[in-house]
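Engineer: predicted structure and sequence below. I'll ask about it afterward.
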Protein chains: 2
Amino acid sequence: MKTLVGIDDIASYVPKLYLEAEELAKARGIDPNKIVKGIGIEQLSIPDVYEDAATMAAMATLRLMEKNDLQPKDIDFIHVATESSPDAAKPISCYVLGMLEQRYGGGSFAHIGAPETKFACVGATYAMIDRLAYLASGWNQRKYAIVVGTDIAKYDINSSGEPTQGAAAVALLLGKNPRLMVYEPAFTSFGTVDDRDFFRPIEHTTAVYDGHYSIGCYLRNMRIAADAYKKKMFNSQGLKTLQSSLNDQIDLISFHCPFPKMVEYAFASFLIHDWRGLPKWNKLLDSTGPEPDRAGMSDIEFYISKKYSAFRKNFTKTKEFLHEYEEKVVNSLSALKLIGNSYTASVWLGVINQFEKQRDDLEGKRFGIGSYGSGSSAIICSFIVQPGYKEVVTNLNLMGALSQRHRISIEHYERLHNRKLELHESILPPKNEFTLDHIGKDRNNIGYRYYKFIE
Amino acid sequence: MKTLVGIDDIASYVPKLYLEAEELAKARGIDPNKIVKGIGIEQLSIPDVYEDAATMAAMATLRLMEKNDLQPKDIDFIHVATESSPDAAKPISCYVLGMLEQRYGGGSFAHIGAPETKFACVGATYAMIDRLAYLASGWNQRKYAIVVGTDIAKYDINSSGEPTQGAAAVALLLGKNPRLMVYEPAFTSFGTVDDRDFFRPIEHTTAVYDGHYSIGCYLRNMRIAADAYKKKMFNSQGLKTLQSSLNDQIDLISFHCPFPKMVEYAFASFLIHDWRGLPKWNKLLDSTGPEPDRAGMSDIEFYISKKYSAFRKNFTKTKEFLHEYEEKVVNSLSALKLIGNSYTASVWLGVINQFEKQRDDLEGKRFGIGSYGSGSSAIICSFIVQPGYKEVVTNLNLMGALSQRHRISIEHYERLHNRKLELHESILPPKNEFTLDHIGKDRNNIGYRYYKFIE
C-alpha cells in the first residue's frame, strides 16, 4: 500500500496593521472603486517597523508548533520559501531557526535541514512538493516537516502596484496520514516558461513588473499546467476530453492571488478552456457571444487582448460560471481581500480561508491548487480532504486574526514604507512576538539581523 | 526491493580565464606562499565579462545533456542552487531554461519544475537530496532530474577573501539505478545552527564574512552532522563507538572547499574526533602531544583556539593522518587548487576530481560527502560507487578543461572585477557558449538579463 502524505495542519501570520484601500485611493487621487471593485482589494496588510519576512515566518511556525504541541525533535525540516529574503547567501530559514531556538532552547534544532526555496509566488508550492516527496520516500527521520511561505509585497509609492501590496506568512505541517488533506502526486503538473513579467534585479529594493503582461503569463502557464494535469487525471480515470469536464472532478480551488480579480480571470479562463467543445458549450456561447479568433497571436497576446477580455467578462456573467465560482472559488478570497498580495503565501491563505468559510461536509472532496510564480512557472496539483479536517479547521483562526488588526493612517503607512521610523518606533508595541531587534554595524556583522522574542 | 537512486553522471563548467595566485600576491604586496601554501590556492578562475552564474549553469547543463544525448522530454526537473543569483524574485533556473531552449527549441522545457535553492555553499547538496527523494518516491514523470550548482565567489579588491575567489558550475544527472554512485539515504545527517560567519545582506554586492570564525562554524557543524551520521551507520551495522572508526567505513571523501587548506583542517578534525578513545589513540598522542583542554570554551572558541590549531597541526604531520589523507582526500583537491572557491559547486568538483584522479578500482567503495554552507548547515551523506562508473569517468574532463584556460594579467583581472568592461569587450571572444547579451533598460525590463548562444 502506498504511503499517504499531505497537509496535517496550517498556521498563518498576518501583520497586525492594515491600511484601508479607500484611504490609499483618496491619497493617490484615484477612484476607490478602481481598487475595491476593480482589483478586489479592500485592505492592505502592512508590517510594523520591527517585522520582516523572517519574523513573520517564525511567527507562523511558532503558532503551528504551539497549537500542535510539537517539539523540535518531532521535525526534520524547516523549509522556507520567500522572495523577500533579507540576505542573498544565508537562507531565511536559519534566521527562523534562530528565533525558534529562543523559545525551544539553543541547539534544539541542530538536527534539521533548513533550505530556502526561491521562485517568486510559487516557491512555497515547490518546497511543499519536495518535502512531501521526502516523506513519501520514507527518508524522513522525524514525523513531520514544516514548509513556510513568507513574503512582503512592496512597490513604489504612487506606482500601479502600490494598491496590491500586502504581507503574510503561512506554515504547513506535512506528514504521513495527515488530518487535513492527502496529496495526489500522480496528477501534479508544471507549466514553466522563461519570462520577464515580474522580477527584481538583486540590486533593486522593489520589483520591476509589467502588470498587464504578467496576467497573460499567469494564464498561459496555468493553461499549460492544467492541460497536463487534465491529461494525467483523465488517463487514470478513463475520462475523455470533449465529453467530460476537469472542473467536474474538482470541488474546491485556491489560486495564487496577486489581487482577487485575477482569481476570477484565472477561473474563468480555466472553465472556458475546460468547457470548450463540451455539449453545453454552444449553448453557453449564446449568452457570451462567439469566442474571439486567436489567429496570428501568441498565447500572451491572446490572453491580454481586448477581445478575449471582453469575451471572458461576458462569460463571468453567465449563471454557469457564477454557480461554479460561488461554489468552488469565492470562499478562498474573503481573507485575501483584506490582506493584499502576500506572494508565495497567498495560495495557501486561500486554502485556509476555504476551510474556514465552507459549511458543507468536505470529507472526500478534491481540493485543487493553482499556484503561479512569475519568471515563470505554474503548478497545478490536488489533495483529497480527510475525515480529520473537522478537528483541524476549528483552530485555523485566520478571519479572527484579521478582525483584530489595527487600522493605520496613510501618514503612518508612508512613514513605514519609506523607512522613516527606527526599530523602536513601532506603531504598536510588540507583544508575544519575534521582533527585529537591531542590525549589525561592525566590520564582521554589518547588515546582520538580530532578532528577539518580546514577551 | 527498494528503489536505488543516485548520480548517473556529472558535468562541470569552469570559466576559460584564470589569474595566477602568485601574480595576485605580488600585486597586493603579500608573500605568494601565504596563498599558494598557506591556503592552498594556485590559480583563480575568473569569469569573462559576458559570464554570470546563469551562463555557467546553462553551460554545465548543456554539456551534461549533450554527452548523455538527453532531450528535454527525458528530464522533469532542472533545479539550480546558487548564492550568486542575479535576481531576488525570479529563479536563476528560469534563465537557464531560457538558454537551453535556444538549443532545444522554444517550449521544449515547458513541462519541467525549475526551483532555485539558496543556502550558501550547501545549497546544491540540499537540492540534490530533494531531487533524489523525488525519484525514490516514484513521483517523477520522466527518467532524470538535473541539479545544478553555480557560483561566483567575489570579494573586495585587497580584502582577505580576494585570494580565495573563484567560479564554477556543476550539473548532476540524477536517476534510478545510476551508473556512477547510489545514494545511501538512511545515514544522511544535518548539523544546522543559526550563525553569522558569512552572509550577504540583500543590498550588498559582496559578502560580509569573518574568516577565522567561519572555520570554527564549519568544524562545529560538520562535527554535529558527522556524529549523527556515525550513530545511524553504527546502529545499522552493529558497530560500537570506542571500538570502531567511522573513517574505516569510508573510502573516498569530498569536503566543501573554500580553500584547500580548510579541507585538511576538516579531515584532521574529523579523524581526531573519530579516533579519540580508540585503542590506537594513546599511541598517536605520543607524537602529537596531549589534546588541549576545552573547559569553559564553546565549540567555536575551541576549534579556533591556538592550542587546538597547534594540536591539529601536529596531528596532520603523523603518518597515520597522512596515509588517510593521501588515500581518501587529496585527489579531491587537484582541480580546486586551480579554481578557487566556487561555493556550492565546490564539493561536487571535488567528487569529479576524485573520479578523474583515482587509479584504483572504485566499484563498491563508499564515497562520503562533507558539505557545508555558512549561515549555517553541514550535511554529511554518502554514496556507493557502481560498476558503471568506469564508463562515466572517461568523459568527466575537468582537468583537461583546466589545462586549456587562458591566463590573464592582474590588470585584466581588475578591470573585470571592477566592471570596467562593456559586455562586448570580453577578454576572449565567446565561442560555442551562452553569453549575457544585454541588460534591459526600459521601464518594464530594467535590469532584466538577455542571454544568447554564440556559435
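Structural biologist: Thanks, I have it.

Engineer: which residue packs closest to residue A:23, ignoring adjacent ones?
Structural biologist: residue A:410 (5.4 Å; Cβ to Cβ, 6 or more residues apart in numbering or on different chains). Where you see a C-beta, it was placed from the backbone N, CA and C, and this is true even at glycine.

Engineer: residues in contact with that neighbour?
Structural biologist: Residue A:410 sits next to A:19, A:23, A:24, A:26, A:27 when contact means Cβ atoms under 8 Å, 6 or more residues apart in numbering or on different chains.

Engineer: quick check: next helix or strand after the top helix by length along chain A?
Structural biologist: When chain A is parsed with DSSP state H, its longest helix is helix A:211-237. Once helix A:211-237 ends, the next helix or strand along the chain (criterion: DSSP states H and E) is strand A:252-255.

Engineer: hang on, isn't residue A:169 packed against residue A:152?
Structural biologist: No: under the criterion of Cβ atoms under 8 Å, residue A:169 makes no contact with residue A:152, lying 9.5 Å away.

Engineer: which residues do the two both contact?
Structural biologist: Common neighbours of residue A:169 and residue A:152 (Cβ under 8 Å, 6+ apart) are A:53, A:56, A:342.

Engineer: for the last one, which non-adjacent residue is closest in space?
Structural biologist: It refers to residue A:342. That would be residue A:168: by Cβ to Cβ, 6+ apart, it lies 3.7 Å from residue A:342.

Engineer: ok so, going back, and residue A:169 and residue A:152? which has more neighbours close in?
Structural biologist: residue A:169 (35 against 24; other Cβ atoms under 10 Å in any protein chain shown).

Engineer: what's near enough to touch the most centrally placed residue in chain A?
Structural biologist: The residue lying closest to the centre of chain A (Cα atoms, centre = their mean) is residue A:346, at 2.1 Å. Each residue near residue A:346 by Cβ under 8 Å, 6+ apart is listed here: A:121, A:166, A:168, A:256, A:257, A:258, A:336, A:339.

Engineer: closest one of those residues to chain B?
Structural biologist: Checking the contacts of residue A:346 against chain B with Cβ to the nearest Cβ, the nearest one is residue A:121 at 8.7 Å.

Engineer: follow-up on the earlier one: tell me which element the residue nearest to the centre of chain A falls in.
Structural biologist: Assigned by DSSP H and E, residue A:346 falls in helix A:346-357.

Engineer: return the alpha-carbon coordinates of stretch A:254-272 using CSV.
Structural biologist: Provided in CSV are the C-alpha atoms of stretch A:254-272 (Å, rounded to 0.1, in the frame of the first residue of the first chain):
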residue,chain,number,x,y,z
SER,A,254,-7.4,28.0,-4.4
PHE,A,255,-5.5,30.1,-6.9
HIS,A,256,-2.5,32.3,-6.4
CYS,A,257,-4.0,35.7,-5.8
PRO,A,258,-1.9,38.8,-6.7
PHE,A,259,-5.3,40.6,-6.4
PRO,A,260,-8.7,38.9,-6.1
LYS,A,261,-9.9,39.9,-9.6
MET,A,262,-7.0,37.9,-11.0
VAL,A,263,-8.5,34.8,-9.5
GLU,A,264,-11.8,35.4,-11.3
TYR,A,265,-9.8,35.8,-14.6
ALA,A,266,-8.0,32.6,-13.9
PHE,A,267,-11.0,30.5,-13.0
ALA,A,268,-13.0,31.9,-16.0
SER,A,269,-10.1,31.1,-18.3
PHE,A,270,-9.8,27.7,-16.9
LEU,A,271,-13.5,27.0,-17.4
ILE,A,272,-13.5,28.4,-20.9
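
Engineer: SS state for residue A:205?
Structural biologist: At residue A:205 the chain is in coil, as set by DSSP: H, G, I helix; E, B strand; the rest coil.

Engineer: interface residues of the stretch 301-450 of chain A facing chain B?
Structural biologist: Within the stretch 301-450 of chain A, the positions near chain B by Cβ under 8 Å from any Cβ of the partner chain are A:374, A:375, A:376, A:377, A:379, A:440, A:444, A:445, A:446, A:447, A:448.

Engineer: run through the bridge partners of residue A:383.
Structural biologist: Counting by DSSP bridges, residue A:383 forms beta bridges with residue A:183, residue A:367.

Engineer: where's it relative to residue B:209, distance?
Structural biologist: Distance, residue A:383 to residue B:209, using Cβ to Cβ, to the nearest Å: 43 Å.

Engineer: one more: residue A:139?
Structural biologist: Taking Cβ to Cβ, one finds residue A:139 at 33 Å from residue B:209.

Engineer: so residue A:4 touches residue A:179, yeah?
Structural biologist: No: Residue A:4 lies out of contact with residue A:179 (Cβ under 8 Å); the separation is 11.4 Å.

Engineer: those two: who's more crowded?
Structural biologist: Legend: neighbour count by other Cβ under 10 Å for residue A:4 and residue A:179, higher for residue A:179 (20 against 16).

Engineer: wait, that one touches residue A:386, no?
Structural biologist: Yes: look at residue A:179 against residue A:386 with Cβ under 8 Å: they come within range, at 5.9 Å.

Engineer: hang on, the earlier thing: between residue A:383 and residue B:209, point out the one with more neighbours.
Structural biologist: residue B:209 (23 against 20).

Engineer: quick one, helices of the stretch 301-450 of chain A?
Structural biologist: Along the stretch 301-450 of chain A, the segments classed as helices by DSSP state H, counting those that start in this stretch run A:306-316, A:319-328, A:346-357, A:389-393, A:398-403, A:410-417.

Engineer: what of the stretch 51-200 of chain A?
Structural biologist: A:53-67, A:92-104, A:123-137.

Engineer: from the middle of its chain, how far away would the first one be?
Structural biologist: To tie it back to what came earlier, the one meant is helix A:53-67. 16 Å (Cα atoms, centre = their mean, to the nearest Å).

Engineer: that helix to helix A:92-104, inter-axis angle?
Structural biologist: 50 degrees (axes from the mean of the first three to the mean of the last three Cα atoms, to 10 degrees).

Engineer: packing partners of helix A:53-67?
Structural biologist: strand A:5-13, strand A:75-81, helix A:92-104, strand A:144-153, strand A:166-176, strand A:433-439, strand A:449-454 (3 or more Cβ pairs under 8 Å, 6 or more residues apart in numbering or on different chains; DSSP states H and E).

Engineer: using CSV, write out every CA atom in stretch A:81-100.
Structural biologist: Extracted in CSV, the C-alpha atoms of stretch A:81-100 (Å, rounded to 0.1, in the frame of the first residue of the first chain):
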residue,chain,number,x,y,z
ALA,A,81,10.1,29.8,0.6
THR,A,82,10.3,33.6,0.0
GLU,A,83,11.2,36.3,-2.4
SER,A,84,11.6,38.8,0.4
SER,A,85,14.8,37.3,2.0
PRO,A,86,16.9,39.9,3.8
ASP,A,87,20.1,38.0,2.6
ALA,A,88,21.4,36.8,-0.7
ALA,A,89,23.6,33.9,0.8
LYS,A,90,22.2,33.0,4.2
PRO,A,91,18.9,31.3,3.9
ILE,A,92,16.0,32.9,5.8
SER,A,93,15.3,29.5,7.3
CYS,A,94,18.3,29.9,9.5
TYR,A,95,17.2,33.2,10.9
VAL,A,96,13.8,31.5,11.6
LEU,A,97,15.6,28.6,13.3
GLY,A,98,17.5,31.0,15.5
MET,A,99,14.3,32.7,16.6
LEU,A,100,12.6,29.4,17.3
